[in-house]
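Enquirer: Got a sequence here, can you build the structure:
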Amino acid sequence: MRKRHTCAANSLSLIVILAIIAGCQSMPVNAQSIERLRKAAEQGYVEAQFNLGVAYYLGQGVPEDYVTAYAWANLSAASGNSDAVQLKESLRASMTAAQVAEAQRKSTTLFNRIESEKSQ
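Expert: Next up, the predicted model:
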């Protein structure tokens, strides 16, 4: 469940998200393209991490999941993707503190898995 905010906060988040999405020319929409995107994200490709976060935010090709969207956006943002920073902050406005904490844990787990794969 998502925490509901005022119309003004939701409108601002929507404007930010629409601007971000406008930059994603071709979002994946089928299971095969999502799987390729996931593999690239898990290999540490920053844009793939961001795009996967957007896919989870929109529920495009995957179930809508703000926790997972935030986790991927957080990884991309940590690598300097400014669009991911905006996505992460917009998501935070629609999430409970518990959901943000869960997303942070998920992001840490993903990061550790990616780093582990790099060292092999």
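Enquirer: Report how many residues lie close to Asn51.
Expert: Burial measure for Asn51: 25 neighbouring residues, criterion other CB atoms under 10 Å. (C-beta placed from N, C-alpha, C; glycine too.)
Enquirer: element containing it, please.
Expert: Using DSSP states H and E, Asn51 sits within helix 46-58.
Enquirer: and that helix, what other elements does it pack with?
Expert: Contacts defined by 3 or more CB pairs under 8 Å, 6 or more residues apart in numbering; DSSP states H and E place helix 46-58 against helix 7-22, helix 31-42, helix 66-78, helix 82-92.
Enquirer: Mean pLDDT lowest where, among those?
Expert: Lowest mean pLDDT within these: helix 7-22, a mean of 46.
Enquirer: Nearest residue to the middle of the chain?
Expert: In the chain, the residue lying closest to the centroid (CA atoms, centre = their mean) is Gly53, at 2.3 Å.
Enquirer: how much space is there between it and Ser90?
Expert: 11 Å (CB to CB, to the nearest Å).
Enquirer: sorry, back to before: could you verify my assumption that the residue nearest to the centre of the chain touches Ala73?
Expert: Yes - with contact defined as CB atoms under 8 Å, Gly53 reaches Ala73; the gap is 3.8 Å.
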